[in-house]
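Peer 1: I'd like to go over a predicted model; first the sequence, then the structure.
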Amino acid sequence: MNLIPAPYEFKQGVGYYKLSDNPKIKSEFDLLLVKLTKSDKADILIKKADLPDEAYTLDVSKGGIEITAGSEIGAYYALQSLRQLSGAELGESSVPICSIYDKPRFSWRGLQLDESRHFFGKDVVKKLLDMMFMMKLNVFHWHLSDDQGWRIQIDKYPKLTEIGSKRKYTQIGGWQSKEILFEKHEGFYTKAEIAEIVSYAKERGIMVVPEIDFPAHSASAIAAYPWLACREIETEVPGYFGSIIPERVEHNRKWNRTICLGKEKVLQFVFDVIDEVCELFPAPYFHIGGDEAPTNEWKKCPCCQKTIKDNVLKNEKELQGWFNNLVLEHLRGKGKRLIGWNEILEAGNLDKSVIAQYWTPQRDRNAERHVNSGGNIIMSKHQSFYFDMPYAQYPLKNTYCHSLQSYGVMPENIKNVLGVEGENWTEWTADSEKLELNLYPRVQALSEVAWSRPESINWQDFLSRLDKFTPYFELFNTNYASLDVAMQKSKIKRAKIQKLFYKGDPNYEVKLNNMLKQKGEK
């Protein structure tokens, strides 16, 4: 069976059905992405059936191919499975006689792209969405604001893109490097471009969930509107990523990344931005970030301290919880739920309806309590789903062989896990070549653990099917990591690569991968 992700049920028959070069497809669904025929002599017949939304059946016999589905997306998923089984794009034409019943394990099968640190543009995003569609991933988490760049048009606050979308320099060389590249980096999406991408994704059954970070990771917004901060200090959009600040931009030590939570004007700004963003994204979710929020400015700010006192809050953590609850209620009025990174659970006063995205590499007992007491989480644990990290640190097997129980989710509470999601932070990813290397074949592993039932998870079988899938990367002109990179066996080489990633050359795996491909190694 040459199919990723592995289906719920697969029964192999005897023989093959030969598919014509231009198979005729007849469907009871209006499938806009497929050329349909009205002929009764169709090669592929698609019927409506009483099935869950994303489920389908696929039956291949010597007489033809029949698909049933409960929705358009179920029918599309069946065709994506048929696409791989036939190998038609790769020059094959014989489909194995088989019977498939398929449905997803999780409703949330996500992939995130950070375009604040590096902006890629809509063509790169559409190419990513096409691969997500093929892999039956259905959530595109779009990180559109952070300290290093604001990437979405907001009409009421034009300086967010006039100023906040541009920076003069970028840190290079890894987390522990002070090296900087003095080149302008800029870019943002207009509302028309956002609408185009949301529509493109919807056609492929993909929901786009925006992330606009508050109250922290807001330095680009503060550079545009200094009054957003507790102290109004003129700053530039920073181009460094970690705690090590390059010496030649030492003056930027004055910047702070956290907005003031004690000014009505700032709260109104947040609601105004959310309102405009929600108009563009119909998804019933909104991601506010909320992680890594330093409290030092709030502790010194008379406005924040007054808010703490007036609302009988215990401390600055509860101040952030109070703020998140305000945003949550605002979103609830729009029929949306709030998502935040798991640090937001540190606030004891946070509304229990919040969805926590569990990312931190260290164990978080707050996240465990949340999911095991009925709260929803999305699993994005650093060790398994942070695709921006080198394979030398987190090999491909980490993604495929993760365990929810090992991260504190009790078996009876797995029902509270909405799903899993891979993260692509782009501090050290400046181009699509590096982006694709980080993504593939991790996305293929992600798709299987998100879609397939646990009984179907088999590492060696996956590797065999991945080998058969690899020609698609070449066909789509997509970069990917060879297994010698994705599963580096030498501990010495892994240690060297990790050291270079943190200080020296974060792109070393790209160079190594290119060298191995030139030698003809997979």
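Peer 2: Here it is on my side, so go on.
Peer 1: A strand includes residue 47, no?
Peer 2: Yes. Checked against DSSP: H, G, I helix; E, B strand; the rest coil, residue 47 lies within a strand.
Peer 1: contacting residues for residue 232?
Peer 2: residue 226 (C-beta atoms under 8 Å, 6 or more residues apart in numbering). Every residue, glycine included, has its C-beta placed from N, CA and C.
Peer 1: residue 207: how many residues sit nearby?
Peer 2: 18 (other C-beta atoms under 10 Å).
Peer 1: what of residue 32?
Peer 2: 9.
Peer 1: that one belongs to a helix, doesn't it?
Peer 2: No. Counting by three-state DSSP, residue 32 is not part of a helix but coil.
Peer 1: contacting residues around it?
Peer 2: residue 203 are the contacts of residue 32 under C-beta under 8 Å, 6+ apart.
Peer 1: what distance do you get for it to residue 198?
Peer 2: Note on residue 32: its distance to residue 198, by C-beta to C-beta, to the nearest Å, is 15 Å.
Peer 1: which SS state does the spatially most central residue of the chain fall under?
Peer 2: The residue lying closest to the centre of the chain (C-alpha atoms, centre = their mean) is residue 112, at 1.5 Å. Under three-state DSSP, residue 112 falls in the strand class.
Peer 1: strands along the stretch 401-522 of the chain, start to end?
Peer 2: Here the stretch 401-522 of the chain has its strands, by DSSP state E, counting those that start in this stretch, at 417-422.
Peer 1: can you check the stretch 1-150 of the chain too?
Peer 2: Going by DSSP E, counting those that start in this stretch, the stretch 1-150 of the chain shows strands at 9-18, 25-27, 44-48, 56-61, 64-69, 94-102, 108-114, 139-143, 145-146, 149-150.
Peer 1: chain center to the fourth one: distance?
Peer 2: Which is strand 56-61. 31 Å (C-alpha atoms, centre = their mean, to the nearest Å).
Peer 1: kindly report the same for the second one.
Peer 2: Here strand 25-27 shows a centroid-to-chain-centroid distance of 33 Å under the convention C-alpha atoms, centre = their mean.
Peer 1: in its sheet, what does that strand sit against?
Peer 2: strand 44-48 (parallel) (DSSP bridges).
Peer 1: over to the first one?
Peer 2: Using DSSP bridges, the strands paired with strand 9-18 in its sheet are strand 94-102 (antiparallel).
Peer 1: one more: the fourth one?
Peer 2: Partners of strand 56-61 in the sheet, by DSSP bridges, are strand 64-69 (antiparallel), strand 94-102 (antiparallel).
Peer 1: to residue 373, which of the ones you listed lies closest?
Peer 2: Among the strands paired with strand 56-61, strand 94-102 comes nearest to residue 373, with 32.5 Å by C-beta to C-beta.
Peer 1: quick one: mean pLDDT over the closest one.
Peer 2: Average pLDDT, strand 94-102: 97.
Peer 1: export that strand to CSV, keeping only CA atoms.
Peer 2: This file holds the C-alpha atoms of strand 94-102, laid out as CSV (Å, rounded to 0.1, in the frame of the first residue of the first chain):
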residue,chain,number,x,y,z
SER,A,94,-2.3,0.7,-12.4
VAL,A,95,-4.4,1.0,-9.3
PRO,A,96,-4.3,-2.1,-6.9
ILE,A,97,-7.7,-3.7,-6.4
CYS,A,98,-8.6,-2.7,-2.9
SER,A,99,-11.3,-1.5,-0.5
ILE,A,100,-10.7,1.4,1.8
TYR,A,101,-12.8,2.9,4.6
ASP,A,102,-11.1,6.0,6.0
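Peer 1: returning to what we had before: now the strands of the stretch 1-150 of the chain as TSV including distance to residue 504?
Peer 2: Output for those, formatted as TSV (distance: least, C-beta to C-beta, whole Å):
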stretch	distance to residue 504
strand 9-18	46
strand 25-27	52
strand 44-48	53
strand 56-61	48
strand 64-69	51
strand 94-102	45
strand 108-114	22
strand 139-143	26
strand 145-146	24
strand 149-150	25
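Peer 1: how about these, which one is nearest residue 393?
Peer 2: Nearest to residue 393, of these and by C-beta to C-beta, is strand 108-114 at 18.1 Å.
Peer 1: and that closest one, which strands flank it?
Peer 2: By DSSP bridges, strand 108-114 pairs with strand 139-143 (parallel), strand 417-422 (parallel).
Peer 1: show me what it is in contact with.
Peer 2: Contacts of strand 108-114 (C-beta under 8 Å, 6+ apart): 120, 125, 128, 132, 136-143, 146, 209, 211, 378, 380, 388, 418-426, 439, 443, 446-447, 450-451.
Peer 1: repeat the analysis, applying 6 Å as the threshold.
Peer 2: By C-beta atoms under 6 Å, 6 or more residues apart in numbering, the residues outside strand 108-114 that reach it are 132, 137-139, 141, 143, 378, 418-419, 421-426, 450.
Peer 1: now find how far off-centre that strand is within its chain.
Peer 2: 2 Å.
Peer 1: again, but for stretch 281-295
Peer 2: 13 Å.
Peer 1: what are the buried residues along it?
Peer 2: For stretch 281-295, burial by neighbour count (16 or more other C-beta atoms under 10 Å) applies to 281, 283, 285-291, 293, 295.
Peer 1: stretch 318-331 now?
Peer 2: So, applying 16+ other C-beta under 10 Å, buried residues of stretch 318-331: 318-325, 327-328, 330-331.
Peer 1: need these in CSV (columns: pLDDT and secondary structure).
Peer 2: Below are those laid out as CSV (pLDDT from 0 to 100; DSSP: H, G, I helix; E, B strand; the rest coil):
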residue, pLDDT, secondary structure
318, 98, helix
319, 98, helix
320, 98, helix
321, 98, helix
322, 98, helix
323, 98, helix
324, 98, helix
325, 98, helix
327, 98, helix
328, 98, helix
330, 98, helix
331, 98, helix
